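**Q** Sequence first, then the predicted structure:
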Amino acid sequence: MFGAGTFMTCKKIKMKEKIQESFEKLFGENPFLFRSPGRINLIGEHTDYNDGFVLPAAIDLAIWFAVKPNDTNEYRFYAFDLGEHYSQPTGSLKPVEIHWANYLLGVISQFVKDRKTVPGFDCVFGGNIPAGAGMSSSAAIESGLAYALNHIFNVGYSTLDLVKFSQKAEHEFAGVRCGIMDQFAVMFGRKGHALKLDCRTLDYEYYPLDFQEHLWVLVDTGVKHSLASSEYNERRQQCRAGVEVLRRYDSHIAALRDVSPEMLELYKSELDPVVFKRCAFVINENMRVQRSCKALLEHDYEEFGKQMYSSHVGLRDEYEVSCAELDQLVEIARSTDGVLGARMMGGGFGGCTLNLVKKPDVSAFREMVTSGYQTPAGEHPEIYEVQIDRGTVYLKN
């Protein structure tokens with residue numbers, strides 16, 4: 001929802017203080033302060049809405065919130081990075097044409113639908129998560145406000161309740177049928193750890209990312225997700241179509257995570273060729289998550305990198321959600337010494353590549369990228385080095 005250039009200039013600035021100062025100028029003193037992180041997904045793309053496995057982690061880029069009840073019958077918002085205001089009466093929650101407001105209104109709607117009273121409040125929010133780069137700025141916004149309302153009004157929801165509310169907000173007000181991974185990672189993130197999530201049961205485990213010699217580096221293609229929402233929903237439908245066919249032969253199949261590669265191949269002729277490719281990707285991607293977790297436990301980062309490259313090939317050729325710019329950046333990474341793995345990250349059709357790079361080789365990697373790639377606007381790409389950080393948290397009031 002915000003421009004990458006703005007975020008890079010803000011990255012080293014104390015955003016918490018800026019958000020608090022902005023709130024005090026607009027609405028008054030002593031707001032409650034919250035921080036809600038972005039996330040990267042190490043591996044396990046498009047598996048979450050297929051009841052599969054994912055391996056995300058919260059990062060040190062985030063959205064900060066200043067929130068306080070206002071004793072009025074209005075919800076009043078200020079998007080700090082855009083310099084835009086929006087307000088809506090408390091009794092008339094509905095989606096609006098101002099896109100960013102829907103992420104917030106959708107969260108309030110979930111509380112209200114659950115018969116909770118949400119009095120009027122003021123909210124200023126902003127941060128340094130680049131939009132359209134696959135780091136889930138939308139989930140950070142939804143989760144941050146859900147966490148804030150739960151805290152301020154002492155509603156008593158569990159963290160998992162808030163995750164589900166945030167997901168439904170994106171479904172119902174933003175119109176994207178996302179899986180649960182983004183909101184889960186944003187809420188449950190742990191500093192220095194990846195989170196393996198079973199998207200069917202919502203069981204999860206933490207895997208330490210005790211990197212001493214490696215860094216996660218993201219490169220932004222400069223291509224925004226113009227096709228992502230419609231294509232995302234189409235991929236969901238294609239996966240569902242595959243399940244419906246395979247269920248004829250095994251009634252226990254509820255999602256693609258229940259299908260083995262051997263079974264998919266056995267009934268290949270029953271499936272539309274495109275549906276077969278979509279299913280093959282998801283099934284193989286679930287297996288890559290399992291192999292990657294094993295590699296982390298064994299500190300085998302070379303193997304982890306191989307799984308990343310394999311994931312990208314599947315996203316490009318089977319799920320067909322990559323683009324020429326993403327593919328070019330992955331090939332640059334593959335040809336650069338010290339890069340163990342690279343892949344596109346997020347819904348696809350733009351955004352960032354995720355790269356696992358040895359620390360001594362990060363500068364050389366940056367040089368290879370800036371000399372070998374230009375964005376569609378003819379500019380050098382934004383490059384981000386991210387640390388693994390904690391999930392959504394209350395700071396103070």
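**A** Noted; the coordinates are in hand. Residues are numbered from 1 along each chain as shown.

**Q** Surely residue 196 is in a strand?
**A** Yes - applying DSSP: H, G, I helix; E, B strand; the rest coil, one finds residue 196 inside a strand.

**Q** list the contacts for it?
**A** Taking CB atoms under 8 Å, 6 or more residues apart in numbering as the criterion, residue 196 is in contact with 53, 54, 55, 204, 205, 206, 207, 289, 293. Quick note: C-beta positions are derived from backbone N, CA and C, even for glycine.

**Q** Do a quick rundown of the helices in the chain.
**A** Listed in chain order, the helices of the chain (DSSP state H) span residues 4-10, 15-26, 99-113, 137-152, 159-169, 181-188, 228-247, 261-266, 273-297, 301-317, 324-334, 362-372.

**Q** Check which residues of the second one are buried.
**A** If you call a residue buried by 16 or more other CB atoms under 10 Å, then helix 15-26 has these buried ones: 15, 16, 18, 19, 20, 22, 23.

**Q** do stretch 79-92 as well
**A** Taking 16+ other CB under 10 Å as the basis for neighbour counts, the residues of stretch 79-92 that come out buried are 79, 80, 81, 86, 88, 90.

**Q** ok, which pair from the residues you listed is furthest apart?
**A** Among the buried residues of stretch 79-92, the pair separated by the greatest distance (CB to CB) is 81 and 90, at 25.4 Å.

**Q** which one among the buried residues of stretch 79-92 gets closest to residue 103?
**A** The shortest distance between residue 103 and any of the buried residues of stretch 79-92, using CB to CB, involves residue 79 and amounts to 10.3 Å.

**Q** Not counting its neighbours along the chain, what's nearest that closest one?
**A** With sequence-adjacent residues excluded and distances taken as CB to CB, 6 or more residues apart in numbering, residue 79 is closest to residue 100, at 5.6 Å.

**Q** repeat for residue 247
**A** residue 253 (4.8 Å).

**Q** try residue 68
**A** Taking CB to CB, 6+ apart, and ignoring the residues beside it in sequence, residue 68 has residue 31 as its nearest neighbour in space, at 4.3 Å.

**Q** List the residues that contact the residue nearest to residue 160 when sequence neighbours are not counted.
**A** The shortest distance from residue 160 to any residue that is not its chain neighbour, by CB to CB, 6+ apart, is 6.9 Å, and that residue is residue 202. Residue 202 is in contact with 160, 180, 184, counting by CB under 8 Å, 6+ apart.

**Q** Can you give me the distance of the first one to residue 65?
**A** Okay, so that is residue 160. Using CB to CB, to the nearest Å, residue 160 is found at 20 Å from residue 65.

**Q** Which one's more surrounded, those two?
**A** residue 65 (30 against 13; other CB atoms under 10 Å).

**Q** Mind putting the contacts of residue 202 into TSV with pLDDT and distance to residue 357?
**A** Converted to TSV, the contacts of residue 202 look like this (pLDDT from 0 to 100; distance: CB to CB, whole Å):
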residue	pLDDT	distance to residue 357
160	96	34
180	87	30
184	96	27
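
**Q** ok, those residues vs residue 105, which is closest?
**A** Nearest to residue 105 out of those is residue 180 (CB to CB; 20.2 Å).

**Q** which residues touch the nearest residue to residue 186 once chain neighbours are set aside?
**A** Leaving out its chain neighbours, the residue that sits closest to residue 186 by CB to CB, 6+ apart is residue 143, at 4.4 Å. Neighbouring residues of residue 143 by CB under 8 Å, 6+ apart: 36, 162, 163, 166, 183, 186, 187, 392.

**Q** The closest residue to the first one other than its chain neighbours and residue 260, how far apart?
**A** Going back to what we said before, that points to residue 36. Once flanking residues are discounted, residue 36 sits nearest to residue 144: 3.0 Å by CB to CB, 6+ apart. When distance is defined by CB to CB, residue 144 is 39 Å away from residue 260.

**Q** Between the two, point out the one with more neighbours.
**A** Ranked by neighbour count (other CB under 10 Å), residue 144 and residue 260 place residue 144 first, with 30 against 10.

**Q** list the contacts for that one?
**A** 34, 35, 36, 63, 65, 125, 392.

**Q** Apply 7 Å and report the result again.
**A** Contacts for residue 144 were tallied using CB atoms under 7 Å, 6 or more residues apart in numbering; they are 34, 36, 63, 65, 125, 392.

**Q** Please report the distance of it from residue 394.
**A** Counting by CB to CB, the gap between residue 144 and residue 394 amounts to 10 Å.
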